[in-house]
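Peer 1: okay, structure incoming, though there's no sequence with it:
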Ligand code: SAM
Ligand code: SF4
């Protein structure tokens, strides 16, 4: 089991399988996309799998595939299948914008994918196209239906809240009422703080602290006769990560809040990230990276293990609210 120098158990690996995407969310990626890199700068699927095998031997048991958009990476279903069959791996999850999920849901489920987090920041079709620069919200709705149909469990809907976007947050929370959907509001984070010419950029004002958001939602919910959100407290579902969970009385799903800034959860941090280029990243908010690609390519498993342990040892105690990173979220693997 990987224990870092601050006594935290690190058993969760988030792997970015590509830095490319079929959308261009204003806060995540410039309109022109990410800079072109030679194909062999990216880890091959075989290299990613071999890294997972070694990491599993070092106590990593949970894998999340992310990006960029993981479903645009060719061979993604086979990668899921191979990871799911790796001894020691207990759970494989994916974070996706769901645009391609209707095409992939059945084969991903059959390959052994357990759960999905779907990113969606608004229920308003026009605003969705504005935020993603060209996405069609119907595609995401179809992706959510496909996720429920094939039985991913849980299906979480992640929504980044940005004050200046004026999203309809109660409409979002109400998605949890009639279906087993778990809506999570994510504080807008100063990662890759500038996203090119017409991007949003990050300002402190644009991050709505979760406490304020809960208050706001409760006021709106009470005005609609829904009653306040009820904290789940110790009923927080096992393995559901750093969110604080609530529910509306009688709802099928839950409403969670992820406060990386206003109430950071560094003390519970259990993860290590790997970029699509094979850089291990101990902390989302720090540009410190440890190369593992060279070791993977030289076939030196001991060197891969050594890089893994160096990266674990470099995990900071907390992120100290650092603003801005050199890499964009889409390049780190959010
Ligand atoms: N393309 C996939 C998707 O959108 O789900 C996976 C990668 S995306 C980078 C992962 C998550 O990071 C998305 O939910 C996105 O909203 C979130 N994200 C990107 N930039 C962010 C920021 N500055 N603050 C908070 N969340 C951010
Ligand atoms: Fe693509 Fe996801 Fe970033 Fe949006 S948040 S641009 S969908 S990687």
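Peer 2: Nice, I can see it. Fair warning: this is a prediction, and the values are worked out from it, not measured in the lab. Ligands and ions are numbered 1, 2, ... in the order given.

Peer 1: what about residue 3, how many residues nearby?
Peer 2: 12 (other C-beta atoms under 10 Å). Just so you know, the C-beta spots here come from the backbone N, C-alpha and C atoms, and that holds for glycine as well.

Peer 1: now the stretch 51-200 of the chain against ligand 2: closest residue?
Peer 2: For the stretch 51-200 of the chain, the residue closest to ligand 2 is residue 97, as judged by C-beta to the nearest ligand atom, at 3.7 Å.

Peer 1: contact partners for that residue?
Peer 2: By C-beta atoms under 8 Å, 6 or more residues apart in numbering, the contact list for residue 97 reads 21-23, 69, 118-120, 132, 135, 140, 143.

Peer 1: for whichever residue of the stretch 1-150 of the chain sits closest to ligand 1, grab phi and psi.
Peer 2: Using C-beta to the nearest ligand atom, the point where the stretch 1-150 of the chain gets nearest to ligand 1 is residue 119, with a distance of 3.3 Å. In terms of degrees, to the nearest 10, the main-chain angles of residue 119 are phi -100, psi 130.

Peer 1: need the pLDDT of it.
Peer 2: Note on residue 119: pLDDT of 97.

Peer 1: when you give positions from now on, start the count at 49
Peer 2: Okay, using 49 as the starting number, the last item reads as residue 167.

Peer 1: what pairs with it across the strands?
Peer 2: residue 206 (DSSP bridges).

Peer 1: surely it touches residue 144?
Peer 2: Yes: using C-beta atoms under 8 Å, residue 167 makes contact with residue 144 at a distance of 7.2 Å.

Peer 1: mind checking which of these two has more residues around it?
Peer 2: Shown here are residue 167 and residue 144; by other C-beta under 10 Å, residue 144 has more neighbours (25 against 22).

Peer 1: residues contacting the residue of the stretch 49-198 of the chain closest to ligand 1?
Peer 2: Counting by C-beta under 8 Å, 6+ apart, residue 167 makes contact with 143-146, 205-208.

Peer 1: the residues you listed: which ones sit near ligand 1?
Peer 2: 143-145, 206, 208 (C-beta under 6 Å from any ligand atom).

Peer 1: let me know the closest of those to residue 279.
Peer 2: Using C-beta to C-beta, residue 206 comes nearest to residue 279 of those, at 19.7 Å.

Peer 1: count of residues packed around the closest one?
Peer 2: Residue 206 has 19 nearby residues by other C-beta under 10 Å.

Peer 1: cool, residue 338 as well?
Peer 2: By the criterion of other C-beta under 10 Å, residue 338 has 21 neighbours.

Peer 1: isn't it right up against residue 328?
Peer 2: Yes: counting by C-beta under 8 Å, residue 328 is a contact partner of residue 338 at 4.4 Å.

Peer 1: now do the shared contacts for the two.
Peer 2: 355, 359.

Peer 1: where does this structure have low pLDDT?
Peer 2: For the chain, applying pLDDT under 70 flags the ranges 49-50, 54, 240-247, 282-289, 309-313, 315, 332-333, 365-382.

Peer 1: do a quick rundown of the strands in the protein.
Peer 2: 50-51, 57-58, 60-64, 110-114, 139-144, 163-167, 203-209, 229-235, 278-279, 292-295, 302-306, 319-322, 327-329, 338-339 (DSSP state E).

Peer 1: show me which residues of this protein sit near ligand 1.
Peer 2: Applying C-beta under 6 Å from any ligand atom, we find that the chain lies next to ligand 1 at 69, 75-76, 114-115, 117, 143-145, 167, 206, 208, 234, 236-237, 239, 377-378, 382.

Peer 1: the same query, at a cut-off of 5 Å, please.
Peer 2: Listed as neighbours of ligand 1 in the chain under the rule C-beta under 5 Å from any ligand atom: 75-76, 114-115, 117, 143, 145, 167, 206, 208, 236-237, 239, 377-378, 382.
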